[in-house]
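*Asks:* heads up, no residue letters with this:
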């Protein structure tokens, strides 16, 4: 009985290592584009742990499922970071830190992505950065493929509108400037 269980564990380990090798770099890139390097490493480890624990539930196309797990692990990490910031804020009222300058940046895409709802920005990142299809995005977000297509279309429209605003704010002519109505 013990040798059969050992074989099952070794077979599972071998198959999981194959899955992990295939998913590791895409997951690393996915997380690196969404958070700082330290958090990305921590979330990657958490994601692989969840995939190991849920090995029996892994679908044939594991990457969209893994993105969904990573997305939820990142949300957990971000909630923890927010809690830590709130505690630090409470402590800072007792001993305020010196003021630091605001970071400067004029990346219009980053500015536009920051201005649209975070759920829409995430849809666009999955589509553009991870190059997922609406069906794969549906798996990541646990929604229907039709809902993913509709939300992606709407998110693209919101991003276009924000990019026009960013361009208009930086001195670019808007398409209707100089025209009379």
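*Replies:* Arrived safely, thanks for sending. Bear in mind that the values here come from a model prediction, so they are computed numbers and not experimental data.

*Asks:* how about the helices in the chain?
*Replies:* Here the chain has its helices, by DSSP state H, at 2-32, 37-53, 62-94, 108-115, 118-128, 134-141, 145-169.

*Asks:* most packed of those?
*Replies:* Across the helices of the chain, averaging neighbours per residue (mean count of other CB atoms under 10 Å) puts helix 134-141 on top, at a mean of 20. Using the backbone N, CA and C atoms, a C-beta is placed for each residue, glycine as well.

*Asks:* by contact count, what packs against it?
*Replies:* On a contact count with 3 or more CB pairs under 8 Å, 6 or more residues apart in numbering; DSSP states H and E, helix 134-141 meets helix 62-94, helix 118-128, helix 145-169.

*Asks:* got the angle for it vs helix 145-169?
*Replies:* Orientation check (axes from the mean of the first three to the mean of the last three CA atoms, to 10 degrees): helix 134-141 against helix 145-169 gives 90 degrees.

*Asks:* neighbouring contacts of helix 134-141?
*Replies:* 59, 61, 63-65, 67-68, 71, 122-123, 126-127, 132, 144-145, 147-149, 152 (CB atoms under 8 Å, 6 or more residues apart in numbering).

*Asks:* let's see 10 Å
*Replies:* By CB atoms under 10 Å, 6 or more residues apart in numbering, the residues outside helix 134-141 that reach it are 30, 59, 61, 63-72, 119, 122-124, 126-127, 130, 132-133, 143-153.

*Asks:* now it: mean pLDDT?
*Replies:* Helix 134-141 shows a mean pLDDT of 92.
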